[in-house]
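Participant: Output the structure for:
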Amino acid sequence: MHTTQERSCNSAFILPRNCTFTETDWKALAPFWYPIAFSHEVTDRPFAAKLLDERLVLFRLSDSSIVAARDLCLHRGAPLSLGWVENDELQCKYHGVRYDKSGQCTRIPAQPDAAIPARLKLTTYAVTERYGLVWVRLVDNGSVHFPDFKEWNDPDYIQVLPASVAIEAAAGRQVEGFLDVSHFAFVHTESFGERENQEVPDYPVDRLPHGFRADYVSTVSNYPHGLKHLSPPGFKWRRLFEVWLPFTAKLTVTFPNGQLHILNAACPVSARKTRLFVPICRNFDKDAPLQDTLDFNDQVFGEDKDIVEEQYPEDLPIALQDEVHIAGDKSSIAYRKGLAALGLGRSFTA
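Facilitator: As a prediction, the model looks like this:
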């Protein structure tokens, strides 16, 4: 499904209550698209989510479109996610105040004949559905690049939608870990990493309007242990990474019999809390049990989660001199430079 509803943000640069980001970082991040829920999670019942510390409520209309709004009834501060939807209107549980899809209050049950105050209107946000996910943009201040995962809609591919991963770490740390190629032989030894295959061959990194691309070729097989024999002798494994700043990356792995695509779409819930979505599609082994793919995905991302949650400092250092870099860190260096170019601070926290 691919639909977009553009809605105005009534207070574009008002920071969320108890915001964990600096003001400049929040302003730099808010204009981008982030996944905040699975499409199947958003129904005609209010769904609560959080993005960049902003509390949101989502609900689906009778025409299948989705409304995204600040999760706050301006009458007496109750979360609208506690309420319900009736006739395509969101109703507050506290006093029954009703709002339509534009955020406009349509009825105050305690005073049905009184004029509705102009201020009784929700802040609503741009929302779209792609790749089985619901994406939201908190500030609409011009066009931005949307992550391209066109293979998801290609009939030659099968789709796999694993459960999301809750990570107690900054989104920037998680994305950088996804791009890292020198940790395979150490972090992923139980899944696919090869302890005896540690060296990182040189690889090119090319800048793109929305981020960059890193084209990494090595002999490290992407097959799990137990299936390594399926890799032909001398086969070179190509892992093509493409980044959409700030927090989305796509990995294309070329297998002997086809291609696997993984979208690493990180939602910065707050400065050090991330909800990770990883839609996967492939054009080979179409009859293989999907549960095997889900189990392998859980294992790999679980191994990453264990190390990312322990990194210190918790904030992703933007200034390159704050940590030591090696030649194999070319993608990490490009990523930090890209975040800096967005205007993020020296010790960016998400």
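Participant: Quick one: low-confidence residue ranges for the stretch 1-150 of the chain.
Facilitator: Applying pLDDT under 70 to the predicted model, the residue ranges of the stretch 1-150 of the chain that meet it are 1-13.
Participant: Which residues belonging to stretch 141-158 are considered buried?
Facilitator: Using 16 or more other Cβ atoms under 10 Å as the burial criterion, the residues of stretch 141-158 that qualify are 146-147, 149, 151-152, 157-158. Where C-beta positions appear, they are placed from N, C-alpha and C, glycine not excepted.
Participant: Output that stretch as PDB - backbone C-alpha positions only.
Facilitator: Below are the C-alpha coordinates for stretch 141-158, written out as PDB (Å, rounded to 0.1, in the frame of the first residue of the first chain):
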ATOM      1  CA  ASN A 141       9.300  22.500   5.500                       C
ATOM      2  CA  GLY A 142      10.000  21.400   1.900                       C
ATOM      3  CA  SER A 143      10.600  18.200   0.000                       C
ATOM      4  CA  VAL A 144      13.000  15.500   1.400                       C
ATOM      5  CA  HIS A 145      14.100  12.200  -0.100                       C
ATOM      6  CA  PHE A 146      12.000   9.200   0.800                       C
ATOM      7  CA  PRO A 147      13.900   5.800   1.200                       C
ATOM      8  CA  ASP A 148      13.600   3.800  -2.000                       C
ATOM      9  CA  PHE A 149      12.700   0.100  -1.400                       C
ATOM     10  CA  LYS A 150      11.100  -0.600  -4.800                       C
ATOM     11  CA  GLU A 151      11.800  -4.300  -4.600                       C
ATOM     12  CA  TRP A 152       9.100  -4.600  -1.900                       C
ATOM     13  CA  ASN A 153       6.500  -4.000  -4.600                       C
ATOM     14  CA  ASP A 154       8.100  -6.200  -7.300                       C
ATOM     15  CA  PRO A 155       6.000  -9.300  -7.900                       C
ATOM     16  CA  ASP A 156       9.200 -11.300  -8.500                       C
ATOM     17  CA  TYR A 157      10.100 -10.900  -4.800                       C
ATOM     18  CA  ILE A 158       8.600 -12.400  -1.700                       C
END
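Participant: Determine how far that stretch lies from the middle of the whole chain.
Facilitator: Computed by Cα atoms, centre = their mean, to the nearest Å, the separation of stretch 141-158 from the middle of its chain amounts to 13 Å.
Participant: Residues contacting it, please?
Facilitator: Stretch 141-158 is contacted from outside by 2, 12, 31-33, 128, 130-132, 135, 137, 159, 209-210, 242, 244, 248, 250, 259, 261, 263, 265, 279, 281-283, 286, 290, using Cβ atoms under 8 Å, 6 or more residues apart in numbering.
Participant: Which ones among the buried residues of stretch 141-158 map onto strands?
Facilitator: Judged by DSSP state E, strands contain the following of those: residue 158.
Participant: among the contacts of stretch 141-158, which are in helices?
Facilitator: Counting by DSSP state H, the contacts of stretch 141-158 place residue 290 in helices.
Participant: Filter the contacts of stretch 141-158 down to the buried ones.
Facilitator: Using 16+ other Cβ under 10 Å as the burial test, the contacts of stretch 141-158 include 31-33, 128, 130-132, 135, 137, 210, 242, 244, 248, 250, 259, 261, 263, 265, 279, 281-283 as buried.
Participant: contacting residues for the residue nearest to residue 40 when sequence neighbours are not counted?
Facilitator: Using Cβ to Cβ, 6 or more residues apart in numbering and skipping residues adjacent in sequence, the residue nearest residue 40 is residue 132, 7.7 Å away. Neighbour list for residue 132: 38-40, 152, 159, 161, 279 [criterion: Cβ under 8 Å, 6+ apart].
Participant: taking the buried ones among the contacts of stretch 141-158 one by one, which sit in strands?
Facilitator: Restricting the buried ones among the contacts of stretch 141-158 to those inside strands, with DSSP E as the criterion, leaves 128, 130, 135, 137, 242, 244, 248, 250, 259, 261, 263, 265, 281-282.
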